[in-house]
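J.: Below are the sequence and a predicted model for it; my questions follow.
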Amino acid sequence: MQGPVDRKIQTLTTHIYSVAKKRFGLEETMVPRDPPKPNRRQTRIENLRRLLNQIRRRFRDSSPSEQLGLSELRNILRSQLTSLRKAKNTRRKTREKGKKRAQFTANPYKFGKTLLDKERSGLIETPVEEVESYLRETHSDPNREDALGNCHRIDPAEPPQKKMILTESTLRELSDIIKKARFGSAPGPNAIPYKVYKMCPRLLMWLWRLLKVVEKGGGARGLERSKADL
């Protein structure tokens with residue numbers, strides 16, 4: 001802070017800027033872009049619209065003979081305008097299709113998610129009991145327990161070539177399955193995503209223990225009998 005006043009002011013300003021930059025960082029400002037210039041097709045469309053407006057105003061005050069010529073000229077300009085609009089829409093759709101194709105190629109799962117996982121609006125006024133009753137009646141089969149019997153159109157199944165693996169699943173097998181699963185894969189009924197087991201190996205071990213209990217006891221009863229073991 002020595003020297004003339006202007007040098008002191010410059011040093012102070014530089015020091016304040018350096019300290020503020022170090023502590024708070026910089027906020028990048030967006031440089032305004034120039035508006036896109038219309039291409040030749042857009043310019044031609046605007047000129048045709050302007051000519052049609054002029055013909056429409058002149059048509060009102062012209063004589064019958066002039067109106068005949070103006071109507072023919074108007075039809076020609078409208079035909080040209082329609083052709084230009086169709087070409088413009090075709091080009092726009094082609095560009096949108098190419099953009100979506102590139103998005104799908106880069107990440108098919110994310111692209112499909114944007115199509116299917118859209119926000120829904122509205123309220124369901126139907127009671128839950130009525131919805132469950134409708135689904136039960138629609139998707140249930142009262143004859144599901146009846147034996148189908150033999151069918152001559154079904155070829156007999158060949159005997160298996162390899163023996164079925166009857167050993168219990170290992171922690172390594174479960175870990176390999178979890179590693180291959182995507183982070184964004186849909187979770188099961190418990191709504192716990194794969195990411196939890198990927199990031200928490202101890203939870204994965206507990207999941208493996210629960211699977212072993214199910215394999216041994218055969219479902220919920222086995223879980224209840226093996227709570228003490230866990």
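T.: Thanks, I have the structure now.
J.: Would you map out the domains in the protein?
T.: When the chain is parsed with automatic domain parsing, its domains come out as 38-113, 169-230.
J.: Which one of these lies nearest to residue 123?
T.: domain 169-230 (22.6 Å; CB to CB). Bear in mind the C-beta positions are built from the backbone N, C-alpha and C, glycine included.
J.: For the closest one, the averaged confidence score.
T.: Averaging pLDDT along domain 169-230 gives 75.
J.: So what's the gap between it and the chain middle?
T.: Domain 169-230 sits 29 Å away from the centroid of its parent chain (CA atoms, centre = their mean, to the nearest Å).
J.: on that earlier part again, in CSV, list the domains of the chain along with mean neighbour count.
T.: As requested, the domains of the chain are exported to CSV (neighbours: other CB atoms under 10 Å):
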stretch, mean neighbour count
domain 38-113, 12
domain 169-230, 12
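J.: mind giving me JSON lines with the ones you listed and columns for distance to residue 124?
T.: Shown next, in JSON lines, are the domains of the chain (distance: least, CB to CB, whole Å):
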{"stretch": "domain 38-113", "distance to residue 124": "23"}
{"stretch": "domain 169-230", "distance to residue 124": "20"}
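J.: measure the residue most central in space within the chain to residue 184 for me?
T.: Per CA atoms, centre = their mean, the C-alpha nearest to the average position across the chain is that of residue 114, at 1.5 Å. According to CB to CB, to the nearest Å, residue 114 stands 12 Å off from residue 184.
J.: What of residue 123?
T.: Residue 123 is 29 Å from residue 184, by CB to CB.
J.: and whichever helix in the chain runs longest, how far from the chain's centre?
T.: The helix that spans the most residues within the chain, counting by DSSP state H, is helix 64-106. Taking CA atoms, centre = their mean, one finds the center of helix 64-106 at 31 Å from the center of the full chain.
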